[in-house]
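Participant: Mind looking at a prediction? Sequence and model below.
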Amino acid sequence: MSYFISLVIGLGVGLLYGALGFRSPAPPAIALIGLLGMLAGEQLWPLGRQLVAGWLS
């Protein structure tokens, strides 16, 4: 279900960009690198919280 929601939101944003005449904010390769960074940050967040909790206890 998450994949479907993500696809629908992406299509909606794409339609909005098209309707407003905007170009995509980044070339596909750069956008994929940005997504990779988002995934890495999402994985690092819990690790960082555990480290800080360990230092404070």
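Facilitator: Alright, I've got the coordinates. Numbers count the residues shown, from 1 in each chain.

Participant: Tell me the helix or strand right after the helix or strand harbouring A19.
Facilitator: When elements are defined using DSSP states H and E, A19 is found to belong to helix 2-20. Sequence-wise, the next helix or strand beyond helix 2-20 is helix 28-56, with elements assigned using DSSP H and E.

Participant: Show residues contacting the helix holding A19.
Facilitator: Helix 2-20 is contacted by residues R23, S24 when judged by CB atoms under 8 Å, 6 or more residues apart in numbering. The C-beta positions use only the backbone N, C-alpha and C, and glycine is treated the same way.

Participant: Give me the average confidence score over it.
Facilitator: Helix 2-20 shows a mean pLDDT of 84.

Participant: Same check on stretch 32-39?
Facilitator: Stretch 32-39 shows a mean pLDDT of 84.

Participant: could you dump it to CSV, C-alpha only?
Facilitator: Listed in CSV are the C-alpha atoms of stretch 32-39, where the atom choice follows Å, rounded to 0.1, in the frame of the first residue of the first chain:
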residue,chain,number,x,y,z
LEU,A,32,18.4,9.4,-7.5
ILE,A,33,21.5,10.5,-5.5
GLY,A,34,19.2,12.7,-3.4
LEU,A,35,16.9,9.8,-2.8
LEU,A,36,19.8,7.6,-1.7
GLY,A,37,20.8,10.4,0.7
MET,A,38,17.2,10.4,2.1
LEU,A,39,17.3,6.6,2.6
